[in-house]
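Peer 1: My questions concern the predicted model and sequence given below.
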Amino acid sequence: MALEEDIKAVEDEISKTKYNKATEGHIGRLKAKLARLREEVQKRASSKSGGEGFSVKKSGDASVVLVGFPSVGKSTLLNSLTGTQSQVAAYEFTTLDVVPGSMEYKGATIQILDVPGLVKGAASGRGRGKEVIAVVRNADLAVILLDVFQLVHYDVLVEELNDAGIRINSRPPDVTIRKKPRGGISINSTVNLDLDGDTIRSIMGEYRLHNADVVIRENIDIDQLIDVILGNRKYIPAIVVINKIDLADEYTLRACKEKFPDALLVSADKKIHIDELKEILFNRLGFIRIYLKPQGKQPDMDEPLIVRYGSTIGDICDRLHRDFRNRFRYAQVWGRSAKHKGQRVGLDHILYDNDILTIILRKQ
């Protein structure tokens, strides 16, 4: 219990300290200490649970995890999206394990994962939170599912994910830290920073980093610097879906739209707006279509290869056959990623949507 008491004490001190330039370094040290204590709590929760989490084999072209409080309708939504029969009941913690389903849409196979509901304290292991968090960290997209009458759950869910080192809808800060044997902390920045050098050094000192070269390419805050130092944060996209709209009146629905203007309102039970959700999932996962063209033949325009945005020729080789990368000679590309029709490219070439691709291999 000592760790929880230490965390509470640090949180109280942070909340009581008014933020200004004079207190910035002190708050930075406190936040660094808080992050370190939370890391220790998570490690202890992991050791007590006997592992890092549920064992889920990823399948398909991408995986989506349904995150929400118990009884918010995750199992019903899984059934509506995939036809998988996940147990549904009107009481909490119906789902005690991960229930995977497979959704086919526009040629893509998307794995949908229904996990036990998250509750306050999940990041510390409460309610099998550690296991659920492990599944979320490995997903390509998170659906934060809210009950139309319990919108306040959103802040709790995001806080638990944040405490567990998961950053939704953000990217890693453009900061590089290279340790060195001596010479102190050297800070170089390409932009104007709100943080001063003393604050940066005090935060790094909390983690016993006293000799390092720090290159900062964007204006960061204290929390982002701590994330870079820890180096174990997971950055994943997320969408908000509000469920059970068939039970709500017009006033409640209007309040949902005002609070979450970008959220999709659905009824998993009545299958309202489920097709719209499928389209959003497909788009947010960043799928592109690649049409394969055997050498000297016409491309197969009926069955594209579905891959993620940013995929390279090397990724395609790995996807098609385990030996293709080793036997690779060159590739030809027609489409927006090519400078001209049939351009010869290498393994690092990045493909665009609707590109046509021929891969030339060495003979075995």
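Peer 2: Here it is on my side, so go on.

Peer 1: what's the following helix or strand after the helix or strand where Lys33 lies?
Peer 2: Under the criterion of DSSP states H and E, Lys33 resides in helix 24-49. Following helix 24-49 in sequence order, the next helix or strand is strand 62-67 (DSSP H and E).

Peer 1: Show me what that next one is packed against.
Peer 2: helix 74-82, strand 108-114, helix 129-138, strand 141-147 (3 or more CB pairs under 8 Å, 6 or more residues apart in numbering; DSSP states H and E). All C-beta spots, glycine's among them, are computed from the backbone N, C-alpha and C.

Peer 1: Direction-wise, compare that strand with helix 129-138 and give the angle.
Peer 2: 150 degrees (axes from the mean of the first three to the mean of the last three CA atoms, to 10 degrees).

Peer 1: pLDDT wise, what is Gly121 at?
Peer 2: Looking at Gly121, its pLDDT is 69.

Peer 1: And Gln87, by the same measure?
Peer 2: pLDDT at Gln87 comes out at 48.

Peer 1: now do Ile133
Peer 2: Per-residue pLDDT puts Ile133 at 84.

Peer 1: Which residue is the nearest non-sequential neighbour of Ala255?
Peer 2: Excluding the flanking residues, the one nearest Ala255 by CB to CB, 6 or more residues apart in numbering is Leu151, at 7.6 Å.

Peer 1: surely that neighbour meets Lys257?
Peer 2: No - applying CB atoms under 8 Å as the test, Leu151 and Lys257 come out as separate, 11.0 Å apart.

Peer 1: between the helices and strands packed on strand 62-67, which gets the lowest average pLDDT?
Peer 2: In terms of average pLDDT, helix 129-138 trails the rest of the helices and strands packed on strand 62-67, at a mean of 82.

Peer 1: export that helix as PDB, just CAs?
Peer 2: What follows is helix 129-138, C-alpha atoms only, in PDB (Å, rounded to 0.1, in the frame of the first residue of the first chain):
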ATOM      1  CA  GLY A 129      -7.000  -4.200 -16.100                       C
ATOM      2  CA  LYS A 130      -3.400  -5.200 -16.700                       C
ATOM      3  CA  GLU A 131      -4.400  -8.000 -19.100                       C
ATOM      4  CA  VAL A 132      -6.800  -5.700 -20.900                       C
ATOM      5  CA  ILE A 133      -4.200  -3.000 -21.200                       C
ATOM      6  CA  ALA A 134      -1.800  -5.400 -22.800                       C
ATOM      7  CA  VAL A 135      -4.300  -6.200 -25.600                       C
ATOM      8  CA  VAL A 136      -5.000  -2.500 -26.200                       C
ATOM      9  CA  ARG A 137      -1.200  -1.800 -26.500                       C
ATOM     10  CA  ASN A 138      -1.000  -4.400 -29.300                       C
END
